[in-house]
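1. Generate coordinates for the sequence data below:
(chains A and B)
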There are 2 protein chains.
Amino acid sequence: MKVKVVSRILEANDRIALENRRLFDRANVFVINLMSAPGAGKTSLLERTLSQKTGLKVGVIEGDIAGSDDAERIERLGSPVVQINTGGACHLDANMIYEVLDDLPLDDLDILFIENVGNLVCPAEFKVGEDIKVMLLSITEGHDKPLKYPLMFQESSALILNKMDLVPYTDVDIDKIRKDSLSLNPKLRIFDVSCKTGEGIPAWVDWLKERARRV
Amino acid sequence: MKVKVVSRILEANDRIALENRRLFDRANVFVINLMSAPGAGKTSLLERTLSQKTGLKVGVIEGDIAGSDDAERIERLGSPVVQINTGGACHLDANMIYEVLDDLPLDDLDILFIENVGNLVCPAEFKVGEDIKVMLLSITEGHDKPLKYPLMFQESSALILNKMDLVPYTDVDIDKIRKDSLSLNPKLRIFDVSCKTGEGIPAWVDWLKERARRV
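-> The predicted structure follows:
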């Protein structure tokens, strides 16, 4: 009974995700669904990414249970941004995205980031019309995460290992993260990054530009 | 329509949570629903807690999407433990707990920890029949978490700030975490802990023993 209900919700979500997809294609914008556990550094990654001189116009949709801190951080960098407050829901769904698309200058954008609610589980289950999913993992979360939260690793095109500056102060086994992530998803592209120091950001941005250009 | 369905699921959950509660009371066991984002250190806290000589018998239910790493870590310490794999669900619900109660020696236990799935959102919405909720926050997750994920802070009796050993290597504002957490929940008891060094564990265990004794 419970399962039936969930599948009905997912079907409705997929239908609206397809409509979002159509609107993104018409505007020729490359869309990234950015996901991670709380506090892994999604907004910090966006700040670093938007600060690189790429010649690309980038917009952002911020998803949070409550508050608008993240949208304010993005707005300071001069990028078009919309905040969605889910009011309790632990993920963004396609309908929430559809509702805010009129508030963004889609036709002027090359790239749109959708920063999902901090959650390593549910966001991976709901398509929002994105081209690719990208996930962050803070290395402080530990090396057991890929095997414990496999779906997000399987669904993502890139894995950004953030807070690499903290590796010397932890017992984390980065090689195990890499090995287990690739066993779940052999095509996963992995970037070692520190949003605090800026280490690894140019390689990630180059990859992103390359992917966006293919659209 | 969606809302109606969710409320029906929650009602069913609450009914089963009450039945769990009755079974816990009959066995005279104090039950803690332990919650946090992925990788904040729930299992490490349990390892540290179980290693203290308290004279209390402690059992554990481990909740994970997949895998049994955490249950194996607890088993090594000689405590009764059951692993629940939710197979995708992002939280434990009362029915999952009810299903495994026969696999634990409830009458022999003084304390039962229910380690929830790593998720800062949904676990706080589902009662499982616990006496209290306790949450961990790894300080590496950043000081914006209380205001962004308010429900879990509101629902918890204690907040364990873990990975305090990493404070010197981050920009985190611990005072802001404390201030915002207490503004959400003035009765929240906050413990500064490092599960790596053992700092702060005795104060937490003393508090826990005191609470358990009152049952």
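2. When you work out contacts or count neighbours from here on, use the C-alpha atoms and nothing else.
-> Will do.
3. Around chain B, which positions in chain A sit nearby?
-> By CA under 8 Å from any CA of the partner chain, the residues of chain A that approach chain B are A:2, A:5, A:9, A:37-40, A:64-67, A:88-90, A:118-122, A:140-142, A:145, A:147-150, A:166, A:169.
4. can you map out the strands along chain A?
-> Along chain A, counting by DSSP state E, strands occupy A:30-35, A:58-64, A:81-85, A:111-115, A:132-138, A:158-162, A:189-192.
5. ok, of the residues of chain A next to chain B, which come out buried?
-> Applying 16 or more other CA atoms under 10 Å in any protein chain shown to the residues of chain A next to chain B, the neighbour count classes A:37-40, A:64-67, A:90, A:118-122, A:140-142, A:145, A:147-150, A:166 as buried.
6. what about chain A, any weak spots by pLDDT?
-> Scanning chain A for pLDDT under 70 picks out A:1-10, A:214-215.
7. Quick check: bridge partners of the residue nearest the centre of it?
-> With distances taken as CA atoms, centre = their mean, A:Leu34 lies nearest the centre of chain A, 0.3 Å away. Beta-bridge partners of A:Leu34, counted by DSSP bridges, are A:Glu115, A:Val134.
8. Let me see the contact set for it.
-> Shown in contact with A:Leu34 (CA atoms under 8 Å, 6 or more residues apart in numbering or on different chains): A:42, A:113-116, A:133-136.
9. now, which of those sits nearest B:Leu23?
-> A:Asn116 (38.9 Å; CA to CA).
10. how about the closest one, what does it touch?
-> So A:Asn116 contacts A:33-36, A:62-64, A:91-92, A:123 (CA under 8 Å, 6+ apart).
11. Okay, A:Ile84 and chain B: tell me how far apart.
-> 12 Å (CA to the nearest CA, to the nearest Å).
12. okay but that residue is in contact with A:Glu62, surely?
-> Yes. Judged on CA atoms under 8 Å, A:Ile84 makes contact with A:Glu62 at a distance of 5.9 Å.
13. Quick check: A:Ala40 touching A:Met135?
-> No. Using CA under 8 Å, A:Ala40 is not in contact with A:Met135; the gap is 9.5 Å.
14. all helices of chain A, in order?
-> Under the criterion DSSP state H, chain A contains helices at A:2-27, A:42-51, A:69-75, A:94-100, A:145-148, A:150-155, A:174-184, A:201-213.
15. helices or strands up against the fifth one?
-> Other helices and strands packing on helix A:145-148, by 3 or more CA pairs under 8 Å, 6 or more residues apart in numbering or on different chains; DSSP states H and E, are helix A:174-184.
16. and the residue lying closest to A:Asp144 once chain neighbours are set aside, how many neighbours?
-> Spatial nearest neighbour of A:Asp144, excluding adjacent residues (CA to CA, 6 or more residues apart in numbering or on different chains): A:Ile177 at 7.2 Å. By the measure other CA atoms under 10 Å in any protein chain shown, the count of residues near A:Ile177 is 20.
17. Touching, A:Ile177 and A:His143? I think so.
-> Yes. Counting by CA under 8 Å, A:Ile177 touches A:His143, with 5.1 Å between them.
18. okay, now the residue nearest to A:Asn20 when sequence neighbours are not counted: neighbour count?
-> In space, and not counting its chain neighbours, A:Asn20 is closest to A:Gly129: 5.2 Å by CA to CA, 6+ apart. Residues lying near A:Gly129 (other CA under 10 Å) number 26.
19. who's in contact with A:Gly129?
-> Going by CA under 8 Å, 6+ apart, A:Gly129 touches A:16-21, A:24, A:31, A:94.
20. out of those residues, which are buried?
-> Buried subset of the contacts of A:Gly129 (neighbour count, 16+ other CA under 10 Å): A:16-21, A:24, A:31, A:94.
21. now, among those residues, which is nearest to chain B?
-> A:Ala94 (14.1 Å; CA to the nearest CA).
22. can I assume the closest one is in contact with A:Glu125?
-> No. Using CA under 8 Å, A:Ala94 is not in contact with A:Glu125, being 11.2 Å away.
23. so how many other residues sit close to A:Asp171?
-> Neighbours of A:Asp171 under the rule other CA under 10 Å: 12.
24. can you check A:Val29 too?
-> 25.
25. Is it correct that it is in contact with A:Asp110?
-> Yes. Counting by CA under 8 Å, A:Asp110 is a contact partner of A:Val29 at 4.8 Å.
26. before we move on, the earlier item: now rank the contacts of A:Asn116 by neighbours and give me the top one.
-> Neighbour counts for the contacts of A:Asn116 (other CA under 10 Å) peak at A:Met35, which has 29 neighbours.
27. Leaving out chain neighbours, which residue sits closest to it?
-> Of all residues beyond its chain neighbours, the one nearest A:Met35 is A:Met135 (4.7 Å), with distances taken as CA to CA, 6+ apart.
28. go on, A:Thr43?
-> A:Asp70 (6.3 Å).
29. Just give the number of residues close to that neighbour.
-> 23.
30. you'd agree it is up against A:Glu62?
-> Yes. Using CA under 8 Å, A:Asp70 is in contact with A:Glu62, at 6.8 Å.
31. Test of understanding: give the bridge partners of A:Val60.
-> A:Val81, A:Phe113.
32. do the same with the one 4 residues further on
-> With DSSP bridges applied, the residues forming beta bridges to A:Asp64 are A:Asn85.
33. Return the distance of it relative to A:Gln83.
-> A:Asp64 is 8 Å from A:Gln83, where distance means CA to CA, to the nearest Å.
34. quick one, what contacts A:Ile139?
-> A:161-164, A:166-167, A:172, A:174.
35. Narrow those residues to just the buried residues.
-> For these, buried by 16+ other CA under 10 Å: A:161-164, A:166, A:172.
36. can you put those residues in TSV and add distance to B:Leu184?
-> Shown next, in TSV, are the buried ones among the contacts of A:Ile139 (distance: CA to CA, whole Å):
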residue	distance to B:Leu184
A:Leu161	32
A:Asn162	29
A:Lys163	28
A:Met164	32
A:Leu166	30
A:Val172	33
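37. Cool, thanks, signing off.
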